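>>> predicted model follows, preceded by the sequence.
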Amino acid sequence: MDEDEASYQAVGEVLGGLRILPLPEGWTPVDTVSMVKCLDEDGQVMWSVRSTPGMSMEEVLGALISRTDLLRKAILADYEPEDD
């Protein structure tokens with residue numbers, strides 16, 4: 001995929017009618033990394049990772065690892081026995 005600045009499009013144009021929760025009031029978006037579950041031309045489920053041009057590969061990796069760790073912790077907490 002050609003990743004020059006002219007190739008980038010607005011997130012809403014790429015993701016069409018998909019909806020997400022808004023950012024907290026007063027926050028200003030700067031960059032994003034997105035994992036998009038898609039159907040390819042044959043109807044097979046595929047994943048696509050996209051990020052804004054301002055993010056380095058290291059920053060994308062760090063964001064994904066951090067989020068993975070937080071999700072893992074939340075999921076494991078669901079299996080912890082409740083204290084009486």
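Looks like it came in fine.

>>> every contact and neighbour count from this point should use C-alpha atoms.
Noted.

>>> so which residue is smack in the middle of the chain?
Geometric centre of the chain, nearest residue: residue 34, 2.7 Å, by CA atoms, centre = their mean.

>>> what about it, which helix or strand?
strand 33-39 (DSSP states H and E).

>>> roughly how far is that strand from the heart of the chain?
7 Å (CA atoms, centre = their mean, to the nearest Å).

>>> in that strand, what counts as buried?
Buried positions in strand 33-39, judged by neighbour count with 16 or more other CA atoms under 10 Å: residue 33.

>>> what strands flank that strand, and is each parallel or antiparallel?
strand 45-51 (antiparallel) (DSSP bridges).

>>> mean confidence score for the strand it pairs with?
Averaging pLDDT along strand 45-51 yields 95.

>>> and that strand, C-alpha only, in CSV?
Extracted in CSV, the C-alpha atoms of strand 45-51 (Å, rounded to 0.1, in the frame of the first residue of the first chain):
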residue,chain,number,x,y,z
VAL,A,45,-13.1,-12.2,7.7
MET,A,46,-9.9,-10.2,7.7
TRP,A,47,-8.3,-7.7,10.0
SER,A,48,-6.7,-4.5,8.9
VAL,A,49,-4.6,-2.2,11.1
ARG,A,50,-4.4,1.4,10.2
SER,A,51,-2.8,4.4,11.8
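
>>> toward the C-terminus, what is the element adjacent to that strand?
helix 57-77.

>>> any idea how far the helix or strand bottoming out on mean pLDDT in the chain is from the middle of the chain?
Using mean pLDDT, DSSP states H and E, helix 11-15 stands out as the lowest-scoring helix or strand of the chain, at a mean of 87. Between the centre of helix 11-15 and the centre of its chain there are 13 Å (CA atoms, centre = their mean).

>>> now swap in stretch 36-49 and tell me
Counting by CA atoms, centre = their mean, stretch 36-49 comes out at 15 Å from the chain centroid.
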